[in-house]
Structure formats: structure tokens, C-alpha cells
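Novice: this one's sequence-less:
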């Protein structure tokens, strides 16, 4: 009897997990199938592969300058990630390494900011960028994201595990503080940086609301903006949309499978 | 003497290292927050505005669209966040069993939605829930319903689609947090409980859940903040419709500023409603968590 109960329980657990796995994966399958079908078939719910792939690809490239769009997304994601890590990791390191009463108070103020939603500052940010004549520029996208309270906090937490003896030894050897940061801290903390790179890169690559507000010409639109506008027409050509969606999703899926362990560490690392 | 000189050098470096971040945060974060506060007392259109006192706050209470956006955001919050957290806890509990087969596969599969961009998955959901679309087909084949549902054309079902979509995207994310926390719980506690004959469900309720309280609190706060800011999904799946049934506060702010004749002052007032809600709800959640501990 108890064996029957155990078997039933196992069946329930495997059943539920399989259902969850199926539901999680199905939209990815749907996306891939969609790239090979016509818009009419997609709307009718066709779940088998069709023959419209090359047509969809050439339609997409005819409608949108994909090379330019892909470059825009990649540029913003890469440059944004480098700048964010440079500025925010430096601050996180310093908040932990050089402690003072004033800076502790500042840090508590920063933690309060952490929960301010972007919606609360987007209107003034937009007006500010308009006054600075930065609308339609990548500068306007990058400036507000470079100093990230979350990444500062993340690096401060991680720095608690950085061996202080290394810094003391380097000081005795005559290294200056900035040299210690670049030649000792950076290489020692590379796994922290790897996790942070993933978080920031994904956030930048997928960023939508701020670019939607700031970038209004076709030449500087990002992949996310292009997908959104392709899909928002009254009769969207879903075959074309699916090809663009695959192009937008592929880099993040590849990053995920290459760095799966770091990826998960990066997401959960902030609470440890 | 020498000591104080080292101290002064450290002080200087401390400020120099955080200076770039502080300057940027001051200009692009603190200043906009204060500006927004000041703006919320201004009325007018575009760049022509003047001091209006509490006019915007009075307008809030008389604005049916704002009330609807607030109600919708509240519904998403109250219905979606608990469903997602319970599901994430269940999956994490099941995957925490070291004897489970295909563990890596299940974990990866359930986590995979997190790698999609909010816009990309929104569009996938929009196409799947089309009125002749694949979800209706599947549900009919499985005899879950008799007639196709006009998912995105009906106010109730449109909300259901949004809730399903967010749950799909974020359950795995929360699950990973719980799984990491569960793996940090000392195994010997479970052993002792098992020897004492405590059944599995009771071990989960009386050992696992209390141990996970900080993580559950953390994810609840994160999810609450996320839901209060809901924008990408509604803007891409339903555009806030039909008849404003999925309009959220963020989408309303966006519309007020960039779709209609810009009303910066009023938009700033609505945005401060979000700030206030985030503050109050985070505080309440901390209070609840502390009470249960005592």
C-alpha cells in the first residue's frame, strides 16, 4: 500500500514537472516553427514546420536594415556593459575598502534609490535629454545606466570576500590604489565580473522602455524596438516577426548555455 | 603623523573611486526624483506649466483612467505574485530531491523562459493567443473548452493572458533563488525530522518554509516592484486594451507623456503613486516577515 502511495507520488511529481517543462519550452518551439510558416498559418495556429523560412528572412531584410539594427543593439549592450562595470565596480569596491561615516550614510541613501521604479524618473530624464539635445543619441541611452546602484551593491557584497592581505602586500610593494584595483582586484574577482557582465549585458540587450522613448529614428533603433514595432502593426507579418525574435533571443540563449553556472550564480549571487 | 597621512590618502581615494558613480547618480537619478516631486505640483501642457498646488492630486481622484490603471495593477499584483511564488516553491521543492531523475533537464527547462527578452516573449504570447491561434486549437483538442475564446478581445481573458505570460517568464527565476537557498539548508535537520517520523509535507512546511523566509521576502519584494512597473508586456500584448482592462500605471504614465499632449506634471504625480506604493508595500512585507519570526 505504501509502495503504491510512493509510486503515485512519484507519478504526480514527474507529471507536474513534465507539464511545467513542456509549457516552458513550447513557446521556444512555437517561435522556431513560426520562422518557417506564413503569417496566415501562424495566426491559425499551425504547429508543424512549413516552407516559408527563406521568404520570411528575405522579407525581414527587405523591410529593415538588420545589419544596422543588430549593430545598434550590440553596440549599446557591449559599450553599456563595459562602462557600467567600470564605474559601478569601482564604487562598490571603494565603499567596502575605504569606509568612512559619510560614505556609509551615502550608501544607505543609495540603497533607498534601489527601489525607485524607472517609471518615476523617465519623464524628467526625457525632458533633461531633450534640453541637452541628446534625443536620438546613444549617449542618452547610456548616461543613465552607467552608474547602477544594483551593481554597486553587488560589488560591495562581493568585495567582502576579497582577501585584504593581498591589498596590504601590494601596498608594501609600493603599488598605488588604482594599480591595486586594476592589477590585483580585477583578476582575483573575475568570476564576480563574469556574473555581473551577464546581468548587465542581458539588461542592456533587452532594454525596451528607455530606448523606446529616446530613439525615434529608424537608423538608431535597436532589435527590441524593431520587433516591437513589427508586431504592433494592425496585421503583423508574424513570419517576419518570428525571424527577428529568433535573432534577438539567440545571443542570450547562447550566453546562457555557455555560462549556465555563472548565469545562475549571477542571478542569485546578490542575496548571498 | 605618518598614520594620519595614510588615513588622508585613503579618504581621498575613497572619494575619488566613488566620484564617477556619485556624479552620474546625482544627475540622472537623484535630480530626476526631486524634479519629479516638484513637477507633480505643476499643471499645464508641454513646457508651459505653472504651480498648481494639489490640483494634480485632486485630478487623480477624479480620473477614471487612473483608477482603472491602479485597479489593474493591483489585480496583477494580488493574483499573479502569489501564484508564481507558490509554483516556484513547489518546483524548487521537487527539484531539490537529489534522487530525482532528469533533474538538470527540468531545472534548465523551467528556467529557460528567463533568457527571453520581455518584448520577445510578449510577442510570442500575443501570436499564440490569437483568436484562431494555437492555444485555442490545443485547448479544443484537449476538450478543455467547447468554443474558442477571444483571449485578447475580452477584458477578463486579456488579463488572464497577461498573468499567464508573466508567470511563464518569471516562475523559473524565482525557483532558482529558492533552490539555491534550499541547498544551503543543513541536511542533518531533515535527517533528524525523518527519524522522528515527520512526514514530507510537514518537513516542507515546518523546516523548509521558515528557513526560506528571507529569500521568499526578497523575491516577493522584487516581484512586487516588477509588477508595479509592468510595461513591456502590456504594451506589446494588449496595448492596455481592450477598453483599458490591462492598462497599467507605467503604461498610463507613458501614454500621458508621449502619446497624448504631454502633461508632465500630472504624469509625475502618477509616477509618485508608484513610488509610494513600492515604499508602502515593501515596508508592509518586511513587517509581515518580522512578525512571523517573533
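Specialist: Structure received. Quick caveat: nothing in here was measured; it's all calculated off a predicted structure.
Novice: low-scoring stretches of the chain, by residue?
Specialist: Here I'm looking at chain A. By pLDDT under 70, the weakly predicted segments of chain A are A:1, A:263-272.
Novice: Please refer instead to chain B.
Specialist: By pLDDT under 70, the low-scoring segments of chain B are B:1-6, B:46-48, B:291-294.
Novice: Geometrically speaking, which residue is the centre of it?
Specialist: Closest residue to the average C-alpha location of chain B: residue B:226 at 2.3 Å, with CA atoms, centre = their mean.
Novice: Find the nearest non-adjacent residue to that one, please.
Specialist: Nearest residue to residue B:226, sequence neighbours excluded (CB to CB, 6 or more residues apart in numbering or on different chains): residue B:170, at 7.5 Å. In this view, the C-beta of every residue, glycine as well, is placed from N, C-alpha and C.
Novice: I'd say that neighbour and residue B:81 touch.
Specialist: No - in this structure, residue B:170 is not within contact of residue B:81 by CB atoms under 8 Å, at 9.4 Å.
Novice: tell me the domain ranges of chain A?
Specialist: Following automatic domain parsing, one finds the domains of chain A at A:1-27, A:66-271.
Novice: Next, format those as CSV and append mean neighbour count and distance to residue B:151.
Specialist: Formatted as CSV, the domains of chain A follow (neighbours: other CB atoms under 10 Å in any protein chain shown; distance: least, CB to CB, whole Å):
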stretch, mean neighbour count, distance to residue B:151
domain A:1-27, 13, 15
domain A:66-271, 18, 16
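Novice: Nearest to residue B:71 among those domains would be which one?
Specialist: Residue B:71 sits nearest to domain A:66-271 of all the domains of chain A, at 17.2 Å, using CB to CB.
Novice: one step back: return every residue with contacts to both of residue B:170 and residue B:81.
Specialist: Common neighbours of residue B:170 and residue B:81 (criterion: CB atoms under 8 Å, 6 or more residues apart in numbering or on different chains): residue B:223.
Novice: picking up where we left off before, for the residue nearest to residue B:226, grab the count of nearby residues.
Specialist: Per other CB atoms under 10 Å in any protein chain shown, the neighbour tally for residue B:170 reads 23.
Novice: contacting residues for residue A:228?
Specialist: Applying CB under 8 Å, 6+ apart to residue A:228 gives the contacts A:208, A:212, B:119, B:123, B:235, B:236.
Novice: Now do the buried residues in the longest helix seen in chain B.
Specialist: Using DSSP state H, we find that the single longest helix of chain B is helix B:64-95. By 16 or more other CB atoms under 10 Å in any protein chain shown, the buried positions in helix B:64-95 come out as B:66, B:68-70, B:72-73, B:76-77, B:80-81, B:84-85, B:87-95.
Novice: okay, the angle between the one helix or strand residue B:162 maps to and helix B:64-95?
Specialist: Using DSSP states H and E, residue B:162 sits within helix B:155-183. Calculated by axes from the mean of the first three to the mean of the last three CA atoms, to 10 degrees, helix B:155-183 forms an angle of 40 degrees with helix B:64-95.
Novice: Tell me which other helices or strands helix B:155-183 touches.
Specialist: helix A:2-35, helix A:260-268, helix B:64-95, helix B:103-111, helix B:118-128, helix B:209-228, helix B:232-237 (3 or more CB pairs under 8 Å, 6 or more residues apart in numbering or on different chains; DSSP states H and E).
Novice: wait, does the helix or strand following the fifth one make contact with chain A?
Specialist: Which is helix B:118-128. Next along the chain after helix B:118-128, taking DSSP H and E as the criterion, comes helix B:134-141. Yes - shown here: helix B:134-141 in contact with chain A (CB under 8 Å from any CB of the partner chain) through B:134, B:135, B:136, B:137, B:138.
Novice: Could you list the residues in contact with helix B:134-141?
Specialist: Residues from elsewhere that reach helix B:134-141, judged by CB under 8 Å, 6+ apart: A:30, A:45, A:46, A:47, B:128, B:129, B:145, B:146, B:148, B:149, B:151.
Novice: what two of these have the greatest distance between them?
Specialist: Using CB to CB, the pair of the contacts of helix B:134-141 lying farthest apart is A:30 and B:146, separated by 24.0 Å.
Novice: Just want to know which of those two has more residues nearby.
Specialist: A count of neighbours by other CB under 10 Å puts residue A:30 above the other of residue A:30 and residue B:146, at 20 against 7.
Novice: did I read that right, residue A:230 in a strand?
Specialist: No - under DSSP: H, G, I helix; E, B strand; the rest coil, residue A:230 sits outside any strand and is assigned helix.
Novice: which one is it nearest to, not counting chain neighbours?
Specialist: Among residues not flanking residue A:230 along the chain, residue A:241 sits closest, at 5.0 Å (CB to CB, 6+ apart).
Novice: shouldn't the one you found be in contact with residue A:233?
Specialist: No - here residue A:241 does not reach residue A:233: they are 9.6 Å apart, not a contact under CB under 8 Å.
Novice: what's the overlap in contacts for those two?
Specialist: Counting by CB under 8 Å, 6+ apart, nothing touches both residue A:241 and residue A:233.
Novice: Smallest gap between the stretch 151-272 of chain A and chain B, at which residue?
Specialist: With CB to the nearest CB as the measure, residue A:206 is the residue of the stretch 151-272 of chain A nearest to chain B, at 3.5 Å.
Novice: Grab the nearest non-local neighbour of that residue.
Specialist: In space, and not counting its chain neighbours, residue A:206 is closest to residue B:117: 3.5 Å by CB to CB, 6+ apart.
Novice: What backbone torsions are found at that neighbour?
Specialist: phi -80, psi 150 (degrees, to the nearest 10).
Novice: can I assume it is in contact with residue A:248?
Specialist: Yes - counting by CB under 8 Å, residue B:117 touches residue A:248, with 6.0 Å between them.
Novice: hey, what's in contact with both of those two?
Specialist: Residues touching both residue B:117 and residue A:248 (CB under 8 Å, 6+ apart): A:205, A:224.
Novice: got the contact list for the closest residue in space to residue B:220 that isn't next to it in sequence?
Specialist: Using CB to CB, 6+ apart and skipping the chain neighbours, the partner closest in space to residue B:220 is residue B:285 (5.6 Å). Taking CB under 8 Å, 6+ apart, we find residue B:285 in contact with B:217, B:220, B:221, B:224.
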